[in-house]
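Enquirer: here's a sequence, model it:
(2 chains)
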Amino acid sequence: MEDKRSILISVLVVIAFACVPFVLDVDKSYFVFFLFLSFCYVTITQAWNLVGGYTGQISLGQHAFFGLGAYTTAIIWLRDITKTGYFFDPVTMILSGLVPVVLAIIVGIPLLHRLKGDYFAIGTLGVGEIIKVLFVKGGSFTGASDGLHLPSTVFESMKPYYWTGLFLAIFSTVVVYFLIRSRIGLALRAIREDETSAASHGVHVLKYKVFAFAVGAFLTGLAGSLYAYYLFHINPDAVLKLNWTLYPVLMCVIGGTGRIMGPVIGAFFMNGVFFLTDIYFVEINPIMAGLLIIIVMRFMPGGLIGLKDMIMSRK
Amino acid sequence: MENHLLEVKGIDVLYGDVQAVWDVSIHVEEEKIVALVGANGAGKTTLLKTISGITPAKKGEILFQGNSIAKLKPQEVVDIGISHVPEGRRLFSSLTVLENLKLGAYPSRARPLMANSLERAFSLFPLLKNRKDQKAGSLSGGEQQMLAIGRALMAHPVLLMLDEPSLGLSPIFVRTIFELISTLNAQKITILLVEQNINQALKIAHQAYVLKTGKIAMNGSGDELLADPEVQRAYIGKRWSKS
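Expert: Numbers count the residues shown, from 1 in each chain, chains lettered A, B, ... in the order given. The predicted structure follows:
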């Protein structure tokens, strides 16, 4: 019953979001831009939730996948590689998800095999920085530190961005939701709880960890691709900055790690805080945001979504 | 020639530079209960971990149903029919009871039998059925031990290895656990049991080994060892009785 109700509510919320462009002026509204960016964050945060929240592997290398996705889109477009049109081209976008998957498998096998916990986190952080250096030193292929300029004349309206963003946010949530409920998800959660024990019950630990890491990379790469279409100027400082890892981690933890709605609530909440503090506390906005994070973590260790459980258990 | 289900031949196990098991050989006959007893740090747990592939041996050979298993990974060992209930149970505590049981049936051999296995687990432990949607971490110690054993049974083991199943349980649960071990054995499951509760363990064991600082100090049938004055003095504490 509980399930049916939450699915119904989710569907209604999605329909409401999908109708926003018919109500607000998409190209002028700051609120619509806020929603668009939130959708991007939901996508990446949900990807991180699968790896960090459900599988227990704290990855700090999501920005590598995000940047790689963005660069893949830019390079395919500029070099006319797939000859499929490019602006919001599904083929380009899917390839931008798959290239990060290749990276995730190549670095994931040694990292996930050898490193655990904090060491894995540091290792993935290293991967992000290495990718950044590679793109800065990439010469004319990557445009070096100036990056790549896409033909921005194709831009007409924010509408396709808004709907694609909404689609990606829903897509990543649905993917993670069904994965977690499957046999694979059971194995992933068992690995999070106790790796040795999972292995001695027949779970091929490395295989499943790499799988989760790769799915996370795919979803993050898709978000990177969408962001490349928005930015038109793809450069290391914009798409490979550490924020693309840190914000999603923060959003996931604030929203509720290892809960399907955690990333959604966390992404909207934190992005809202960033937007509001940017308007009302211009000078001190990082301090306000930081303070809020501390308060949430102090009083709601389970994240915002844990608040519901806390209230329920008090009754 | 007896029916050796499991044969461990002259294994050495090291943790880094520290050797925990020295040239240990044991054999487990089919459908018997074999106990490994001894003081803390004698190497009993290490021996089980080596058999289940968690801590590979440096030297020696392990045969299961005649095949070498010394090089197998943990997930492969469980697949051929050896289940290990580790010390401290190591449940997936934020997963539900049902999810823990389902995970027990992960090996490809056990997967098709899932529905039957669940039924068997619930009939053995009716208590778990009532709590199937509860998180494993919220169960009492005794219930957790039952879940751990139930989870191991989901893989349909030929050989069930139990590491300190009675540790930290109330006297009633201790009795239940020992009765359960005999019941499982009656269902043709071979048991390799590590216990601190030496008195009880020797009573139900057909065969037993006493480990002392990583080496086999004694072996014999359960009754023989139970009657042995050395065992009585060192492990059971009947030093002052009768004389």
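
Enquirer: pLDDT averaged over the longest helix along chain B - what is it?
Expert: Longest helix in chain B, counting residues (DSSP state H): helix B:171-186. In this model, helix B:171-186 carries a mean pLDDT of 92.

Enquirer: which strands and helices sit next to that helix?
Expert: Packed against helix B:171-186 by the contact rule (3 or more Cβ pairs under 8 Å, 6 or more residues apart in numbering or on different chains; DSSP states H and E) you find strand B:33-38, helix B:141-153, strand B:190-195, helix B:198-204. (Glycine included, C-beta is placed from N, CA and C.)

Enquirer: now for chain B, the helix or strand with the poorest mean pLDDT.
Expert: Here the helix or strand of chain B ranked lowest by mean pLDDT, DSSP states H and E is helix B:229-231, holding a mean of 83.

Enquirer: just how off-centre is that helix within its chain?
Expert: On the basis of Cα atoms, centre = their mean, to the nearest Å, helix B:229-231 sits 24 Å off its chain's mean C-alpha point.

Enquirer: which other helices and strands does it contact?
Expert: Helices and strands touching helix B:229-231, by 3+ Cβ pairs under 8 Å, 6+ apart: there are none.

Enquirer: list the contacts of it.
Expert: The contact list for helix B:229-231 (Cβ atoms under 8 Å, 6 or more residues apart in numbering or on different chains) reads B:198, B:202, B:210, B:218, B:225.

Enquirer: turn these into TSV, columns for neighbour count and pLDDT.
Expert: Shown next, in TSV, are the contacts of helix B:229-231 (neighbours: other Cβ atoms under 10 Å in any protein chain shown; pLDDT from 0 to 100):
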residue	neighbour count	pLDDT
B:198	23	87
B:202	25	91
B:210	25	90
B:218	17	87
B:225	25	87
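
Enquirer: what about residue 18, neighbour count?
Expert: The chain I'm using is chain A. The number of residues packed near residue A:18 is 14, by other Cβ atoms under 10 Å in any protein chain shown.

Enquirer: switch to chain B, please.
Expert: Residue B:18, neighbours per other Cβ under 10 Å, totals 8.

Enquirer: quick revisit: and the contacts of helix B:229-231, which is closest to residue B:120?
Expert: For the contacts of helix B:229-231, the closest approach to residue B:120 (Cβ to Cβ) belongs to residue B:202, at 28.5 Å.

Enquirer: for chain B, just list every one of the strands.
Expert: Remark: strands assigned in chain B by DSSP state E are B:4-15, B:18-29, B:33-38, B:59-64, B:67-68, B:82-85, B:159-163, B:190-195, B:207-212, B:215-221.

Enquirer: so which of those gets nearest residue A:182?
Expert: When the strands of chain B are ranked by proximity to residue A:182, the top entry is strand B:82-85, at 23.6 Å, counting by Cβ to Cβ.

Enquirer: does that closest one reach chain A?
Expert: Yes: interface with chain A: strand B:82-85 contributes residue B:84 (Cβ under 8 Å from any Cβ of the partner chain).

Enquirer: could you export that strand as PDB, CA atoms only?
Expert: Output in PDB follows, covering the C-alpha atoms of strand B:82-85 (Å, rounded to 0.1, in the frame of the first residue of the first chain):
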ATOM      1  CA  ILE B  82      30.900 -25.700   2.000                       C
ATOM      2  CA  SER B  83      29.100 -23.100   4.100                       C
ATOM      3  CA  HIS B  84      30.800 -21.100   6.800                       C
ATOM      4  CA  VAL B  85      28.900 -19.500   9.700                       C
END
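
Enquirer: and that strand, what other elements does it pack with?
Expert: Under the contact criterion of 3+ Cβ pairs under 8 Å, 6+ apart, strand B:82-85 touches helix B:44-51, helix B:141-153, strand B:159-163.

Enquirer: skipping adjacent residues, who's closest to residue A:195 in space?
Expert: Spatial nearest neighbour of residue A:195, excluding adjacent residues (Cβ to Cβ, 6 or more residues apart in numbering or on different chains): residue A:205 at 5.6 Å.

Enquirer: what is the burial count for that neighbour?
Expert: For residue A:205, the tally of surrounding residues (other Cβ under 10 Å) stands at 20.

Enquirer: and if you look at residue B:119?
Expert: Other residues lying near residue B:119 total 11 when counted by other Cβ under 10 Å.

Enquirer: can you point out the buried residues in stretch B:143-151?
Expert: Neighbour counts over stretch B:143-151 (16 or more other Cβ atoms under 10 Å in any protein chain shown) mark B:143, B:144, B:145, B:146, B:147, B:148, B:149, B:150, B:151 as buried.

Enquirer: take these and lay them out in JSON lines including pLDDT.
Expert: Converted to JSON lines, those look like this (pLDDT from 0 to 100):
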{"residue": "B:143", "pLDDT": "90"}
{"residue": "B:144", "pLDDT": "92"}
{"residue": "B:145", "pLDDT": "91"}
{"residue": "B:146", "pLDDT": "91"}
{"residue": "B:147", "pLDDT": "93"}
{"residue": "B:148", "pLDDT": "93"}
{"residue": "B:149", "pLDDT": "93"}
{"residue": "B:150", "pLDDT": "93"}
{"residue": "B:151", "pLDDT": "93"}
